[in-house]
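K.L.:
coordinates for the following, if possible.
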Amino acid sequence: MATPSLGRKERLGTSVRSALNEQLNKIQWKHTMELELIDDVRSFLKQRSQIEKDYSQAIQKLVSQFSSKRDFKNPPTVPNFDRLENRGILEMWKSLLDKTDEMGKRKGNVGDLLCGSLSEELKKLKRVKEHNFKRQAEIFQLMISEVLESVKELTNAKKLYHEKWKMCEDSRQKYRDVDDRLRSCNLKMFESKSTLEKTHKKNTDKLKQAQKQLVVQRNEYLLTVAETNTHLDKHFETDLTEMLKIVDGELYDIMRNSYTLFAQIEMDSCNAIRAEFEDLREQVALLNREYVLECFMVENPILRDKISYTFEASSNDKVTSLSKDHEAELYLNKEARKCAQQLTKLHQKIAEKSKAIKGLQTVTKAYHVNPEFGTSDAVSEAEQSLHHIQEEIRQIEVTTTKANARLDLLKDCGVDVSKWLQQAAHTEYEHTPGEQRKLDKQQLQPDLVDLTTTLRKQTLSASQSSLRGGDSDTVSMKSDVLSLNSYQSEQTPTMCKVLYSYESQRSDELDIQTDEELDVIEWDDGDGWCKGRNKNSQEGYFPQSYVQAITAPTTPPKVGGASNDVTFKLVVSEEVTMLRALFEYTAQEDEELSFPEGAIIRLLRTDDNGIDDGWWEGSYEGKKGVFPSIVVEIITNDNNPELTPVNSEVFTMPPPMSSSPTSPLPPPPSYPAPAISANDLSILPLKQLQYNLSSGSTNSFFVGSKLGDGTVSTASSPGGIRRGSNVISQKRDERELEVQDSFEDTLQETKERWSSFDDIQDDDDCYV
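P.N.:
As a prediction, the model looks like this:
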């Protein structure tokens, strides 16, 4: 890896800029040569079609004309490539001319079909190649700017390092002078020994501070050197090679096809020279882009000689690697943590953008298969977005490579990089929305599936506990709620009525018929499936949206010693958005959903992290998957009310203990329900009770969930209070504390919104 030699006054990035500009010039020269070659071939074919009538005389002249235009020198010797088994486009061009000259001596007329289609294909190739080069030239300029920016950072780090070194040397010299005077008791006039000792102590502190700053800046310089070298390696090994590949485009494929077609036509029309053109076709099969590119690299070593930097220590500096001296270990660990967090976020971004690229590629592929699937403008916009996202991924990969370089150097220094990487991955996982981490329960452990939900519930539980800390009535009410939840976990299965028939697709599923009554064993825990038992004692899973609860559970035992009962009504409703298929759609990937025309589909999700990429997620006949949104229409509730089942359950519960059991309960005050925004719901449990007061002594709670548009809608959650008890009884562990810290600001706002509940609880002696 070559290191650029710098003059006395030459800046560090000057040689890099010159080398990169020279690279661009060489690539442009190669591109121009290929365009000229395409023009030559097209010109040859056109002229060939014009002189077919006088073929036997004009063909030799034509071949001679084009043979003299170019110097057909032998390609250079390339390692790992056998010249007898590889060919270049220039060599094949010469071979083609030779075969044509031989054919012209034997045959006088070939036909106009020989050149027409080939000429148009080469014309299109030239236009596409010019467009690709123009776009890649702009990207290459951006690459140059990025490399120069890295070199600039290296220059600044080097400059600061030498400044710190000079400061340290000055401090060391002053310290030595004072120390020598102190040892020899060489006092100046009107100078006491105590003054000299103070000066000695002051210089000692300055020297330590200067040494500490020097170590930090030296480490930064070393890290920057590693970062810049890695960036340059990626430029030479990945970016430059990828650019050459894009600039070449389909040149070699089209030229290979053109030569092969040319040879085939000639063989069909000229049996006399069949052997020659069969040989030409065999040689065309040896056309190898890698071989040609390797020859080009050998002839132009500027494209291969990498640029690298090494740490240039000052004159007396013996340290050439990262150091933990002078409390630098804290800085190194801080740097490792920052790089690990950055690396985790960058990998997440790459995954998201790769998913977006896959969606855009599916859209364009569907359009090319069936043009009625979209419009040319939409596909053009999708292709532009695709190129834009690919460029963003490339830039992210550059940053990722630089971060990896820093981590590798830190790891070699003895820093526990794996610990910071695991911590960063764990933190990123906990802050990822639950919908992105929701997988099939058979493929993921239940405690991992509900990790984020559990931590959020623990955070809310801790917040509520802090709001009510020190209140003995609160402790009593909390025990009452736990008793109620314990009762609900032991209650008998709920009955439900089947709204739509469903035929099982797997062995663990249950066939259900319309109007059939089932015993629900397990309600939907977030995956959209329930477990139940039919009248024949057959058990299995079925879609939750296909049934409706029809019975209420048994009244729970009394809690506390209150004589007057309070009825809590839990109204559970679920609004299901249904879709109708306008066209039949067949899945192209494993994650997609197939359905026929007119199928009724349940909509599960319309966006990904707030971005609607035109692909929705739904379920049909027990299968989940994504599909294009343009092949379906939304069925409104006004026209199809039966598609939105509503479930209602009433739980009657005794009131909690009060100080006077025999006294009647006062009528509940009319408190408005606190406004809970979509942002608040992001940290609340997935099913959150909203307080609502009805007439008499009945308190009503509605279970709400956050929709994609930020509104709050009621949603079915049987057993929701039971899951809440698990949150209250669960101990806070390390994961809870970490998430609680990240939600601290939002919890403060939530406490203010929940303050209205304190007054309600004081009046009604209840705890939510």
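
K.L.:
so where do the helices sit in the stretch 301-450 of the chain?
P.N.:
Listed in chain order, the helices of the stretch 301-450 of the chain (DSSP state H, counting those that start in this stretch) span 328-369, 376-412, 417-430, 434-437, 446-449.

K.L.:
also the stretch 1-150 of the chain?
P.N.:
So, for the stretch 1-150 of the chain - with DSSP H, counting those that start in this stretch - the helices run 14-50, 55-69, 89-106, 116-184.

K.L.:
what's the closest of the ones you listed to residue 539?
P.N.:
Taking CB to CB as the criterion, residue 539 comes closest to helix 116-184 out of the helices of the stretch 1-150 of the chain, the separation being 60.0 Å. For every residue, glycine as well, the C-beta is placed using N, CA and C.

K.L.:
can you name every helix or strand that whatever helix or strand comes next after the closest one contacts?
P.N.:
From helix 116-184 onward toward the C-terminus, using DSSP states H and E, the following helix or strand is helix 193-234. Using 3 or more CB pairs under 8 Å, 6 or more residues apart in numbering; DSSP states H and E as the contact definition, the elements that helix 193-234 packs against are helix 116-184, helix 328-369, helix 376-412.

K.L.:
between these, which one is closest to residue 520.
P.N.:
Taking CB to CB as the measure, the helices and strands packed on helix 193-234 were each checked against residue 520, and helix 328-369 came out nearest at 35.7 Å.

K.L.:
which elements pack onto the closest one?
P.N.:
Packing contacts for helix 328-369, counted by 3+ CB pairs under 8 Å, 6+ apart, involve helix 193-234, helix 376-412, helix 417-430.

K.L.:
so can I have CSV of these showing mean neighbour count?
P.N.:
Formatted as CSV, those follow (neighbours: other CB atoms under 10 Å):
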stretch, mean neighbour count
helix 193-234, 18
helix 376-412, 16
helix 417-430, 17
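
K.L.:
which one of the ones you listed lies closest to residue 64?
P.N.:
Nearest to residue 64 among the helices and strands packed on helix 328-369 is helix 376-412 (44.6 Å), distances taken as CB to CB.

K.L.:
so the closest one versus helix 417-430, what angle?
P.N.:
In terms of direction (axes from the mean of the first three to the mean of the last three CA atoms, to 10 degrees), helix 376-412 departs from helix 417-430 by 140 degrees.

K.L.:
what is the mean pLDDT for helix 376-412?
P.N.:
pLDDT averaged over helix 376-412 equals 89, rounded to a whole number.

K.L.:
other SSEs contacting that helix?
P.N.:
With contacts defined as 3+ CB pairs under 8 Å, 6+ apart, the packing partners of helix 376-412 are helix 116-184, helix 193-234, helix 328-369, helix 417-430.

K.L.:
again, 7 Å this time
P.N.:
With contacts defined as 3 or more CB pairs under 7 Å, 6 or more residues apart in numbering; DSSP states H and E, the packing partners of helix 376-412 are helix 193-234, helix 328-369, helix 417-430.

K.L.:
who's in contact with residue 213?
P.N.:
Contacts of residue 213 were listed using CB atoms under 7 Å, 6 or more residues apart in numbering, and they are residue 164.

K.L.:
hmm, back to that, in TSV: the helices and strands packed on helix 193-234, plus distance to residue 296.
P.N.:
Written out in TSV, the entries for the helices and strands packed on helix 193-234 read as follows (distance: least, CB to CB, whole Å):
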stretch	distance to residue 296
helix 116-184	15
helix 328-369	30
helix 376-412	23
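
K.L.:
what's the closest of these to residue 248?
P.N.:
When the helices and strands packed on helix 193-234 are ranked by distance to residue 248, counting by CB to CB, first place goes to helix 116-184 at 7.9 Å.

K.L.:
report the inter-axis angle for that closest one versus helix 14-50.
P.N.:
In terms of direction (the same axes, to 10 degrees), helix 116-184 departs from helix 14-50 by 170 degrees.

K.L.:
relative to residue 305, which of the helices and strands packed on helix 376-412 is closest?
P.N.:
Distances from residue 305 to each of the helices and strands packed on helix 376-412 were compared by CB to CB, and the smallest falls on helix 193-234, at 11.1 Å.

K.L.:
which strands and helices sit next to the helix or strand following that closest one?
P.N.:
In the C-terminal direction, the helix or strand that comes right after helix 193-234 (DSSP H and E) is helix 240-248. Based on contacts counted as 3+ CB pairs under 7 Å, 6+ apart, the elements that helix 240-248 packs against are helix 14-50, helix 116-184.

K.L.:
export helix 240-248 as CSV, just CAs?
P.N.:
Written as CSV, here are the backbone C-alpha positions of helix 240-248 (Å, rounded to 0.1, in the frame of the first residue of the first chain):
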residue,chain,number,x,y,z
LEU,A,240,-14.0,2.2,-7.7
THR,A,241,-14.7,-1.3,-8.9
GLU,A,242,-18.4,-0.8,-8.5
MET,A,243,-18.2,2.4,-10.5
LEU,A,244,-16.3,0.7,-13.4
LYS,A,245,-18.9,-2.0,-13.4
ILE,A,246,-21.8,0.4,-13.6
VAL,A,247,-20.1,2.5,-16.3
ASP,A,248,-19.5,-0.7,-18.4
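
K.L.:
right, and the helix or strand after it?
P.N.:
Scanning onward from helix 240-248 (DSSP H and E), the first element met is helix 251-269.

K.L.:
counting neighbours, which bits of that next one end up buried?
P.N.:
Counting neighbours by 16 or more other CB atoms under 10 Å, one finds that the buried residues in helix 251-269 are 251-252, 254-256, 258-259, 261-263, 265-267, 269.
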